[in-house]
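Asks: Return a 3D structure for these sequence lines:
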Amino acid sequence: MLQLAHYPFDLAFEYPFTIAKGTKTHQPTLVVSLALRHIKGYGEAPAINYYDVTVPHMIEVLQSKKKDIEKYALTDPQRFWHFLHHLIPGENFLICALDMAAWDLFSQLRRQPLYQLLRLQFKKPAFTDYTIGIDTAEEMVAKMQAHPWPLYKVKLARPEHIDLLRALRAETDAPFRIDINEGWTFEEAKTLLPDLEKLGVTLIEQPLKKDAWDEMKELKAISSIPLFADESCIEEHDIKKCAEGFHGINIKLTKCGGLTPAMRMIHEARQLGMKVMIGSMNESTIGSAAIAHLSPLLDEMDADGPLLLKEDIATGLRYDKGNIFLSRDPGLGIRFLGKKVTK
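Replies: Model (predicted):
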């Protein structure tokens, strides 16, 4: 019989983290564990206010269904996901944490790292960008200089924020990805494209509102820079529509409901000729390890949560000049510390 436990945390960022949707100094997150005998698997779900997800709500749902979950016979994580999908419909963030914990536990029981269980091979290490939130030009340059990295993801919101990008470009030759979080209009994006090309932008994430489908088709037709859907791509049913207006999708494990649906989404996107990225929701080492295990399936990866947080709750990942090195231990290869640790 499974044993279920949960652990809420509020993890401090190294710097206040600002995007088009607001600023936060801490990342609330919920860690869950699923245990069978002496072996425990862990999963994580960061709470995101603009998706109306809170840690207290996830705990309330979890406690109301605890007995049902603990009775489940875990013989296949994919079947477990379908069980959860019907047990707590619409609770994708919580389902993600439980799904992640199930995969961690199941692969530990099989004495294999998760990527081996999934028959994935690393021909090169997992690779991530480093994200710089919106701030003054001076502060953004200081953040970049404090974190030398081969690839940066830069948060922007208003069209005039291109001047922030210019300030960063004056200090580095590293390529930039930019993430607009729905901040621009079509005309603004169209006007800015030539300058973005000159500034060495290699990827643009969600430039327009999530439902601006017709305008995204037009933008895709004229953009030499790959456009990736984020807010427009939540679950599996979104992919087909995204293929018309984007070159790729950025899958978030929390939004889609975990590793199980993410792998299905990757397969469908490939069938549609799209590029695939998995992105961070400021996960600790636990959630970031889950992302990194899927790296061989991806074109791009954004798994820099532990780099942005001043505090962590697990060990098992090593970052070095953009590369992420996983532990060779079974499961996710992480060790949950049970408490916050300041780095």
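
Asks: Tell me where this structure has helices.
Replies: Along the chain, counting by DSSP state H, helices occupy 55-64, 66-70, 77-87, 92-109, 114-117, 137-146, 162-169, 186-198, 213-222, 239-245, 253-256, 259-271, 285-293, 305-308.

Asks: Please convert these to TSV, extending it with mean pLDDT, mean neighbour count and distance to Arg318.
Replies: For glycine as for every other residue, the C-beta is placed from the backbone atoms N, C-alpha and C. Converted to TSV, the helices of the chain look like this (pLDDT from 0 to 100; neighbours: other Cβ atoms under 10 Å; distance: least, Cβ to Cβ, whole Å):
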stretch	mean pLDDT	mean neighbour count	distance to Arg318
helix 55-64	98	16	28
helix 66-70	98	14	33
helix 77-87	98	18	26
helix 92-109	98	27	18
helix 114-117	98	21	16
helix 137-146	98	15	19
helix 162-169	98	17	26
helix 186-198	98	16	33
helix 213-222	98	15	37
helix 239-245	97	18	33
helix 253-256	98	26	21
helix 259-271	98	19	21
helix 285-293	98	29	10
helix 305-308	98	24	10
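
Asks: Reformat those helices as TSV; add distance to Gly41.
Replies: Putting these into TSV (distance: least, Cβ to Cβ, whole Å) gives the following:
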stretch	distance to Gly41
helix 55-64	15
helix 66-70	13
helix 77-87	9
helix 92-109	3
helix 114-117	10
helix 137-146	35
helix 162-169	40
helix 186-198	42
helix 213-222	38
helix 239-245	28
helix 253-256	15
helix 259-271	12
helix 285-293	10
helix 305-308	19
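
Asks: out of the ones you listed, which comes closest to Val32?
Replies: Counting by Cβ to Cβ, Val32 lies closest to helix 92-109 out of those; the figure is 4.6 Å.

Asks: ok, and the closest non-adjacent residue to Ala157?
Replies: Leaving aside its chain neighbours, Ala157 sits nearest to Ala20 (3.7 Å; criterion: Cβ to Cβ, 6 or more residues apart in numbering).

Asks: which phi and psi does that neighbour have?
Replies: Note on Ala20: its backbone torsions stand at phi -60, psi -20 [degrees, to the nearest 10].

Asks: Help me confirm that it comes into contact with His161.
Replies: No - using Cβ atoms under 8 Å, Ala20 makes no contact with His161, being 9.2 Å away.

Asks: ok, the residue nearest to Ala157 - how many residues close by?
Replies: Applying other Cβ atoms under 10 Å, we find 18 residues neighbouring Ala20.

Asks: give me every residue that touches Met301.
Replies: 126-128, 277-279, 291-292, 295 (Cβ atoms under 8 Å, 6 or more residues apart in numbering).

Asks: so the nearest residue to Leu298 once chain neighbours are set aside bridges to which residues?
Replies: Distances taken as Cβ to Cβ, 6+ apart put Val276 closest to Leu298, at 5.4 Å, once the chain neighbours are dropped. Counting by DSSP bridges, Val276 forms beta bridges with Ile249.

Asks: hang on, the earlier thing: need the overlap of contacts for Ala20 and His161.
Replies: Counting by Cβ under 8 Å, 6+ apart, the shared contacts of Ala20 and His161 are Ile134.

Asks: how near is Ala290 to Leu168?
Replies: As defined by Cβ to Cβ, to the nearest Å, Ala290 lies at a distance of 30 Å from Leu168.
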